[in-house]
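# Predicted model and sequence below, questions to follow.
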Amino acid sequence: MVMVSTITACNLTVNAPEEYFDQAALNANDISRFGTYYFDGYQEYLKNASGPGKITNCEEYLKNSIARAEKNLEKVKKLQPTPETKPMLDASILLYNYVLASYKEAHLKIAKMIDQHEPEENINKALTELDTKPYDSFIEKYNKLWKLADVYAKDNNIAVEKTPL
């Protein structure tokens, strides 16, 4: 009884392994489109989406992505870290912060260029710049997260279906 009171009072609730994995790693797939791949995804969305809720403005589409990423980041931050989960949570938070910073600056600049119908050569130049060093850093952070997540999933018997990035 005392132990239950202590745990409750100290808020030492530990999340289920699947919750750690889903929030920290699986939800990060939503931000796996980065650089040119993000804008390719937007073009694919324009081709396939229909109906009254279709977004035809790249900046608005990006702002929706930012809002989802911020919401998912908050979910990761609310997880109670354990010695086993802390490296994965830290890697996830680092990735989210990196992607969000780029989405809010470099990606947003390109989205505005697309919406303003700037010359394709200007847009392509901005995409090339985004796909060099920033993209390499993104891949490094994304791969680090998934390396940790794969080990965590195996250690906790969580089935993972992999698809290429």
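Alright, I've got the coordinates.

# Please count neighbours and contacts with C-alpha atoms only from this point.
Noted.

# Please list the outside residues in contact with the lengthiest helix in the chain.
Secondary structure of the chain per DSSP state H: the longest helix is helix 133-155. Contacts of helix 133-155 from elsewhere in the structure, counted by C-alpha atoms under 8 Å, 6 or more residues apart in numbering, are 21, 25, 32, 34-35, 84-85, 87-88, 91-92, 94-95, 98-99, 159-160.

# Show me what counts as buried in that helix.
Within helix 133-155, the residues that count as buried by 16 or more other C-alpha atoms under 10 Å are 134-135, 138, 141-142, 144-146, 148-150, 152-153.

# would a markdown table of the residues you listed with pLDDT and distance to Pro52 be doable?
Below are the buried residues of helix 133-155 laid out as a markdown table (pLDDT from 0 to 100; distance: C-alpha to C-alpha, whole Å):
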| residue | pLDDT | distance to Pro52 |
| --- | --- | --- |
| Pro134 | 86 | 35 |
| Tyr135 | 90 | 34 |
| Phe138 | 95 | 34 |
| Lys141 | 97 | 37 |
| Tyr142 | 97 | 34 |
| Lys144 | 98 | 39 |
| Leu145 | 98 | 37 |
| Trp146 | 97 | 37 |
| Leu148 | 98 | 41 |
| Ala149 | 97 | 38 |
| Asp150 | 96 | 40 |
| Tyr152 | 97 | 42 |
| Ala153 | 97 | 40 |
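
# Let me know the closest of the residues you listed to Ile66.
Comparing the buried residues of helix 133-155 against Ile66 with C-alpha to C-alpha places Phe138 closest, at 15.9 Å.
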